[in-house]
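J.: coordinates only, sequence not included:
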C-alpha cells in the first residue's frame, strides 16, 4: 500500500525566501504525482501534475521534481509571498488512478 | 470555464439519517472521484466514476455509495449517519482518468453529524 509522507508538517518563512517542500512515497510504481494547495476551509487547488515519465514540471514561480527511484518529490516556490500561505499537499496516483495523499505541510509566509 | 461545483456547501444531520451530496464536474470531464477529509485521517479516497460506472472504490463501508449520471454529474449517498462521518467531502473531476489527467477539486461539502 502506498504511503505518502510530507515533512515538515509546518513551516514559517519570511517573505522573499524560497520555499522547499518535500514529499516522499513508498511505492515507486507511481503513475503520477500531483501537488495541491488548500486554503483553510476550502477545496484543493491543483498546482502541478508530474507524470511518472517526467522528472519535473514548472509553472511560474513553482517547480516540482520527481525522483521515482528515491521515492521523492520536491516542490520549490521561488520568492515566497504572503499569499503563498496555505497547506500544500502532494498525492501519488496508483495504477487505478486512486490518489494517496500526504498529510500536508502548512506554510506561513510572514511579511 | 466553470470549475467543479458541489451542493450543498454545508449540511447538518443527526445520527441515523441519510444524506445525498451532489457534484457537477468541469464541462467535458467524464471522471469524477470522491474524497473524505477529516483532521485525523486526512484525505481518503471513496470512489471514482467514469461513464456512469464505478471504476474504483476505497475502503469505506457499504453505507457510502455513489452514482454518476449520463451528463457526468455525480451524487454520493451516506446512509445511517454516524458521528464519525462528520467531514469535508470533496469531489474531483478529470478529463478521462486520474492516471493521465490532472484532477480538479470542488469547494467541498461540509457535513456535520450531531
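T.: Here it is on my side, so go on. Being a predicted model, the structure only gives us computed values, none of them experimental.

J.: Nearest residue to the residue of chain A at minimum distance from chain B in space, please, no chain neighbours.
T.: At 3.6 Å from chain B, residue A:97 is the closest residue in chain A, using C-beta to the nearest C-beta. Just so you know, the C-beta spots here come from the backbone N, C-alpha and C atoms, and that holds for glycine as well. Leaving aside its chain neighbours, residue A:97 sits nearest to residue B:98 (3.6 Å; criterion: C-beta to C-beta, 6 or more residues apart in numbering or on different chains).

J.: now residue B:89
T.: Counting by C-beta to C-beta, 6+ apart, the nearest residue to residue B:89 once its immediate chain neighbours are dropped is residue B:109, at 4.8 Å.

J.: for residue 28, what are its contacts?
T.: Unless you meant another one, I'm taking chain A. A:68, A:69, A:71 (C-beta atoms under 8 Å, 6 or more residues apart in numbering or on different chains).

J.: Switch to chain B, please.
T.: Contacts of residue B:28 (C-beta under 8 Å, 6+ apart): residue B:95.

J.: what does chain A put close to chain B?
T.: A:31-32, A:34, A:36, A:41-46, A:49, A:51, A:89, A:91, A:93, A:95-104 (C-beta under 8 Å from any C-beta of the partner chain).

J.: Just the buried ones from those?
T.: Buried subset of the residues of chain A next to chain B (neighbour count, 16 or more other C-beta atoms under 10 Å in any protein chain shown): A:31-32, A:34, A:36, A:43-44, A:46, A:49, A:89, A:91, A:93, A:97-104.

J.: which bits of chain B sit near chain A?
T.: So far as C-beta under 8 Å from any C-beta goes, chain B lies against chain A at B:4, B:6, B:31, B:33, B:35, B:42-45, B:48, B:55-56, B:58, B:90, B:92, B:97-108, B:110.

J.: residues contacting the closest residue to residue B:18 other than its chain neighbours?
T.: Leaving aside its sequence neighbours, residue B:18 sits nearest to residue B:79 (C-beta to C-beta, 6+ apart; 4.3 Å). Residue B:79 makes contacts with B:18, B:63, B:65, as judged by C-beta under 8 Å, 6+ apart.

J.: With secondary structure, pLDDT and neighbour count as added columns, please give those in a markdown table.
T.: Formatted as a markdown table, the contacts of residue B:79 follow (DSSP: H, G, I helix; E, B strand; the rest coil; pLDDT from 0 to 100; neighbours: other C-beta atoms under 10 Å in any protein chain shown):
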| residue | secondary structure | pLDDT | neighbour count |
| --- | --- | --- | --- |
| B:18 | coil | 98 | 11 |
| B:63 | coil | 97 | 13 |
| B:65 | strand | 97 | 17 |
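
J.: Single out the residue in chain B that lies closest to chain A.
T.: Distances between chain B and chain A by C-beta to the nearest C-beta are smallest at residue B:98, namely 3.6 Å.

J.: pretty sure that residue is touching residue A:94, no?
T.: No: taking contacts as C-beta atoms under 8 Å, residue B:98 lies outside contact range of residue A:94: 9.5 Å.

J.: Can you give me the end-to-end span of stretch B:76-96?
T.: For stretch B:76-96, the first and last residues are 20 Å from each other (C-alpha to C-alpha, to the nearest Å).

J.: Going by neighbour count, list what's buried in that stretch.
T.: Buried residues in stretch B:76-96, counted by 16+ other C-beta under 10 Å: B:76, B:78, B:81, B:85-95.

J.: and if you look at stretch B:44-58?
T.: Residues of stretch B:44-58 classed as buried: B:44, B:45, B:46, B:47, B:48, B:49, B:50, B:55, B:56 (neighbour count, 16+ other C-beta under 10 Å).
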